[in-house]
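Visitor: sequence? don't have it. structure:
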């Protein structure tokens, strides 16, 4: 009896707090997951996870920085003016239509080329190439432009095209890195929950675009503060630093990517290609020979078309936020006022993206996209009606400025809480490993064609009509997004063609693939749970 009691004290007693801790952690797992998800850390991430997150931060900083940098170039004593004789660097006529839009042409090239490269040489190597282009292009914008205005804007446009290629490549590669995260610990959960967990990982990688969107205006305010305190910070130095700082996050991501391993999913797919003597692997030939090719094409059309429509609405509004705010508050705003106002509008993306990710966690990306487009349709329509009804003041600004500003914040909230997330997540979820970055790249390229359309159609429509007509067009585009999502997007985020007789090798453990080795472990966990 003494021996049994002694054995009991040694074996059982030390395990009681551990067993109690396990019980508590299971009972509170949902609450803890939701709370930690709010800051984007649902599970301990690897370097691979952070490559996707910080890569997206770099994307949005470098895409959006030109909007405020151009305002600096067109300023006079820290005040934005339309009088070109007073502007520090007045835009030439051709530059008005290319400086902001050229980055998106480059992004289309980067998404197609780097997406295809990611399926051939691997996500890690392709990411290093694309990040290198971002670093060179961002530094080039800050260092190389000199001479007359035509020369300065010409160099900026060329470097912005290079930046576009780089940030375009980050889109499909960061999504694939996040969806193939090797830190998954979802053993013991059903396939549907596993898919939602993966969708959340990709969604939280995208979340980091929202701080990236805010960052250029924070940097602008810091530069203006330094200028006011030091009294000798030239406009030339300010806009050059705004552009060049974009190289810093890209270089940091490049280092993280260099020191992180390739994903197990891609390595397994590469191994299988080698075993099948596929020396020259082509993602498109692989897809064309797949029995589910028709489904893959239709899925690609749905993802690309809905993303195209979203980016028409988003970039047609977001990249001209300073101009829209100027129309609300008047043309005599200072750089500080424009930076603060745009910062407030863009900062709403943070809570909006959090709300969207939490909705997606419980409802899935299809639901988020469908109702997100509906919400956008409503907010654009409301903004157009109120803007049209508001009186115009003698200085050219609109009356009801506070109401219009709040409505514009609501418009930006709707832009950030729905399709902004789902359009990025769905291609990473529904396409197989062998073609994931290629297909994601094509869908993202369609999106950036939409961004080009939104960027270039905004100015002519505004000049020919008014801001409210731009909002009406955006409402129509958003409603078409509702129709496309309903008709063309799969209701589930399972891998297209999974289970059909083809070498569909997808070892991303959380995408619609429940291997035989997992089922017994799931059953065992359930049977032995206290």
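Guide: Yep, that arrived. The structure presented is a predicted model; accordingly, all values stated were derived computationally and were not measured.

Visitor: what comes up buried for the helix or strand residue 367 falls within?
Guide: Using DSSP states H and E, the element containing residue 367 is helix 365-389. Using 16 or more other C-beta atoms under 10 Å as the test for burial, helix 365-389 gives 365-384, 386-387. Every residue, glycine included, has its C-beta placed from N, CA and C.

Visitor: Can you name every helix or strand that it contacts?
Guide: Contacts defined by 3 or more C-beta pairs under 8 Å, 6 or more residues apart in numbering; DSSP states H and E place helix 365-389 against helix 293-318, helix 349-363, helix 401-416, helix 419-430, helix 467-488.

Visitor: so that helix versus helix 419-430, what angle?
Guide: Between the axes of helix 365-389 and helix 419-430, defined by axes from the mean of the first three to the mean of the last three C-alpha atoms, to 10 degrees, the angle is 160 degrees.

Visitor: what about helix 365-389, average pLDDT?
Guide: For helix 365-389, the mean per-residue pLDDT is 92.

Visitor: Give me the distance from it to the chain's centre.
Guide: 20 Å (C-alpha atoms, centre = their mean, to the nearest Å).

Visitor: same thing with stretch 433-452?
Guide: With C-alpha atoms, centre = their mean, you get 12 Å for stretch 433-452.

Visitor: Stretch 121-130 now?
Guide: Here stretch 121-130 shows a centroid-to-chain-centroid distance of 18 Å under the convention C-alpha atoms, centre = their mean.

Visitor: residues of that stretch that come out buried?
Guide: The neighbour-count criterion (16+ other C-beta under 10 Å) identifies 122-124, 126-130 as the buried residues of stretch 121-130.

Visitor: Please, where are all the helices along the stretch 201-350 of the chain?
Guide: 209-230, 235-244, 247-258, 264-275, 283-288, 293-318, 321-329, 335-347, 349-363 (DSSP state H, counting those that start in this stretch).

Visitor: And the shortest one, what's buried?
Guide: Buried residues in helix 283-288, defined by neighbour count with 16+ other C-beta under 10 Å: 283, 286-287.

Visitor: And for the last one?
Guide: Within helix 349-363, the residues that qualify as buried are 349, 352-361, counting by 16+ other C-beta under 10 Å.

Visitor: could I get those as JSON lines with pLDDT?
Guide: Formatted as JSON lines, those follow (pLDDT from 0 to 100):
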{"residue": "349", "pLDDT": "82"}
{"residue": "352", "pLDDT": "90"}
{"residue": "353", "pLDDT": "88"}
{"residue": "354", "pLDDT": "89"}
{"residue": "355", "pLDDT": "91"}
{"residue": "356", "pLDDT": "90"}
{"residue": "357", "pLDDT": "88"}
{"residue": "358", "pLDDT": "88"}
{"residue": "359", "pLDDT": "89"}
{"residue": "360", "pLDDT": "87"}
{"residue": "361", "pLDDT": "84"}
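
Visitor: Measure how the helix holding residue 367 sits relative to helix 467-488, angle-wise.
Guide: Counting by the same axes, to 10 degrees, helix 365-389 lies at 160 degrees to helix 467-488.

Visitor: List just the nearest of the buried residues of stretch 121-130 to residue 292.
Guide: Distance to residue 292, by C-beta to C-beta, is smallest for residue 123 among the buried residues of stretch 121-130, at 23.1 Å.

Visitor: Next one: that closest one from residue 266, what distance?
Guide: To residue 266, residue 123 is 6 Å away according to C-beta to C-beta, to the nearest Å.

Visitor: joint contacts of the two?
Guide: Common neighbours of residue 123 and residue 266, using C-beta atoms under 8 Å, 6 or more residues apart in numbering, are 176, 180.

Visitor: picking that back up, name the stretch among the helices and strands packed on helix 365-389 that sits most buried.
Guide: Scoring the helices and strands packed on helix 365-389 by mean neighbour count under mean count of other C-beta atoms under 10 Å gives helix 419-430 as the most buried, with a mean of 30.

Visitor: Could you give the average pLDDT over that helix?
Guide: For helix 419-430, mean pLDDT is 88.

Visitor: Over to stretch 158-167?
Guide: 93.

Visitor: Other residues contacting it?
Guide: Outside of stretch 158-167, the residues within contact range by C-beta under 8 Å, 6+ apart are 58-59, 62-63, 66, 99, 102-110, 113-114, 130-138, 140-141, 144-145, 243, 246, 250.

Visitor: Please, a PyMOL command that selects the buried ones among those residues?
Guide: Here is the PyMOL selection string for the buried members of those, based on 16+ other C-beta under 10 Å:
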select buried, resi 58+59+62+63+66+99+102+103+104+105+106+107+108+109+110+113+114+130+131+133+134+135+136+137+138+140+141+145+243+246+250
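
Visitor: List the ones among the contacts of stretch 158-167 that fall in helices.
Guide: The helices, defined by DSSP state H, take in 58-59, 62-63, 66, 102-110, 113-114, 130-138, 140-141, 243, 250 from these.

Visitor: Can you tell me, leaving aside adjacent residues, what's nearest to residue 200?
Guide: Excluding its sequence neighbours, the residue lying closest to residue 200 (C-beta to C-beta, 6 or more residues apart in numbering) is residue 361, at 5.1 Å.

Visitor: do you know how far that neighbour is from residue 101?
Guide: From residue 361 over to residue 101 (counting by C-beta to C-beta), the distance is 35 Å.

Visitor: same thing with residue 235?
Guide: 23 Å.

Visitor: between those two, who's got more neighbours?
Guide: residue 101 (23 against 19; other C-beta atoms under 10 Å).

Visitor: Next, give phi and psi for that one.
Guide: phi -90, psi -20 (degrees, to the nearest 10).

Visitor: Just the element for the closest residue to it other than its chain neighbours, please.
Guide: Nearest non-adjacent residue to residue 101, counting by C-beta to C-beta, 6+ apart: residue 455, 4.3 Å away. Residue 455 belongs to helix 436-464 when elements are defined using DSSP H and E.

Visitor: Could you check the angle that helix makes with helix 293-318?
Guide: If you take the same axes, to 10 degrees, helix 436-464 sits at 40 degrees to helix 293-318.

Visitor: what pLDDT, on average, does helix 436-464 get?
Guide: 83.

Visitor: Surely residue 150 is in a strand?
Guide: No: counting by DSSP: H, G, I helix; E, B strand; the rest coil, residue 150 is located in no strand; its state is helix.
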